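K.L.:
Below: sequence and its predicted model.
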Amino acid sequence: MLTVSEQQLARRLKALDVSDPRVVVAGNHATPFPVLQVLDDALPAYRLFTINAQPGVPQRAGVVHESPFVGPGVRRSAALSYVPARLSLVPRLFEGAYAPDVVLLHVAPPRGGKVSLGVEVNILPAAVEQARRRGGLVVAQVNPAMPWTYGDAELDVDLVDLCLDVDVPLAEAPVRPPSPLSEQIAQRVAALVPDGATLQLGIGGVPDATLAALAGRRGLRVWSEMVSDGLLGLVTGGALDPEQDVVCSFMFGSAELYAWADRNPRLQMRRTEVTNDPGLIAQRPLMTSINSALQVDLFAQANASWAGGRIYSGFGGQTDFVVGALHAPGGQAVVALPSWHPKAEVSTVVAQLNGPATSFQHSWVVSEQGEAAVQSRPQSEQTAQIIGRVAHPDARAGLTEAARTLGLLRD
């Protein structure tokens, strides 16, 4: 690993023997923006492959945004190339048509011949391996603000070609109290979670509020794609099994969360192929997957990917965890959402999804109205429960009529 200046890095990037290189960059909230800016200035055209890109990524002619999980930074990009893929299978893309030419990392300063990917492991180890295998370039932004985490976050310095030293603060999640609606839904979800359960929670107000509602549980475990500040409440409240590691692939939260993560052997950061492997998820005791959705329909299908007739995010890890949880001993998959969209003034429970299904065959569908048990139920009972227990009262008559038209309910 050779430390270089911005000018030296730019010269090396301009010397790439690829006309339209594919650049895999750390996503979510660990994007190495200073290094990315150097690359953007150096290359007239390239493909930027990232997960959940945040605002601030380059937006100009010559830059194509490739992503299996679309973030707010590229959601409305005219140059967006959405790549449908389960997150657990994204690393396989790098073995073929999406092989990386350049990988940009954001790491903690080296120790003992290693660097740490800190808060964002995800698909990066696979990208680094394929870039090295194919003669690509691996560049690390070295930042003392990045916490040192263990597991697959640790990489040998020999895997990194060049590094650029920076000293910039990490992005932090704004601390917002959960809304009364989120708390209402969270209380219903938390009531389904027993002591000793293994938790996976997605992103958003309902998952965070659910963690707060679980503070009184005991023996909980965490095997999740991501974690946020809600985890700290479980730690301080004694809800977690002290003998079990917290396993995740990336995190986003406050400085307090990052301080807890730094050099904490109880936290094991794992690559996506591990955290999101349905077979490994299925081995977790009482695995409980809790995710949100934009819509649920009368077939108990959830749409968490499309909005307004266009891609909003993507599969992410929801499909991986729903399948894994349903195969786990005592496992369950919960999809939670408000029954009414306050801005659009429409029901979130619809007769049929407006876009493709992200996941289906959940154990429970939950809103502030109640809980519908849908697993191992006849189709007609699933539909009746979703209408009667999840849908907003103002939508129930119309949904009942639609269900009869679809042959899901009998008179």
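P.N.:
Thanks, I have the structure now.

K.L.:
top strand in this structure by residue count?
P.N.:
In the chain, with assignment by DSSP state E, the single longest strand is strand 102-111.

K.L.:
And that strand, what's buried?
P.N.:
Across strand 102-111, burial judged by 16 or more other C-beta atoms under 10 Å covers Val102, Val103, Leu104, Leu105, His106, Val107, Ala108, Pro110. To be clear about C-beta, it is placed using only N, CA and C from the backbone, and glycine gets the same treatment.

K.L.:
Quick one: list the elements packing against that strand.
P.N.:
Contact here means 3 or more C-beta pairs under 8 Å, 6 or more residues apart in numbering; DSSP states H and E; on that basis strand 102-111 packs against strand 22-25, helix 33-42, strand 114-116, helix 124-133, strand 137-142.

K.L.:
returning to that earlier point: ok, of the buried residues of strand 102-111, which one's closest to Gly370?
P.N.:
Nearest to Gly370, judged by C-beta to C-beta, of the buried residues of strand 102-111 is His106 at 43.0 Å.

K.L.:
Look up which residues are beta-bridged to the closest one.
P.N.:
Gln141 (DSSP bridges).

K.L.:
How about the contacts made by it?
P.N.:
Ala26, Ala30, Thr31, Pro32, Val35, Leu117, Gly118, Glu120, Ala140, Gln141, Asn143, Met146 (C-beta atoms under 8 Å, 6 or more residues apart in numbering).

K.L.:
go with 10 Å
P.N.:
25-26, 29-36, 115, 117-120, 124, 140-143, 145-146, 166, 168, 170 (C-beta atoms under 10 Å, 6 or more residues apart in numbering).

K.L.:
With Val4 instead?
P.N.:
Ala10, Arg11, Arg12, Val38, Val139, Asp161, Leu162, Cys163, Leu164, Asp165.

K.L.:
Relative to Ser376, how far out is it?
P.N.:
59 Å (C-beta to C-beta, to the nearest Å).

K.L.:
Over to Pro34?
P.N.:
52 Å.

K.L.:
So which of those two has more stuff around it?
P.N.:
Neighbour count, other C-beta atoms under 10 Å: between Pro34 and Ser376, Pro34 has more, with 16 against 9.

K.L.:
which residue sits closest to that one, ignoring its sequence neighbours?
P.N.:
In space, and not counting its chain neighbours, Pro34 is closest to Val166: 5.0 Å by C-beta to C-beta, 6 or more residues apart in numbering.

K.L.:
For that neighbour, grab the count of nearby residues.
P.N.:
Val166, neighbours per other C-beta under 10 Å, totals 17.

K.L.:
so what pLDDT did it get?
P.N.:
On pLDDT, Val166 comes in at 98.

K.L.:
Might one say that it is in contact with Leu36?
P.N.:
No: in this structure, Val166 is not within contact of Leu36 by C-beta atoms under 10 Å, at 11.4 Å.
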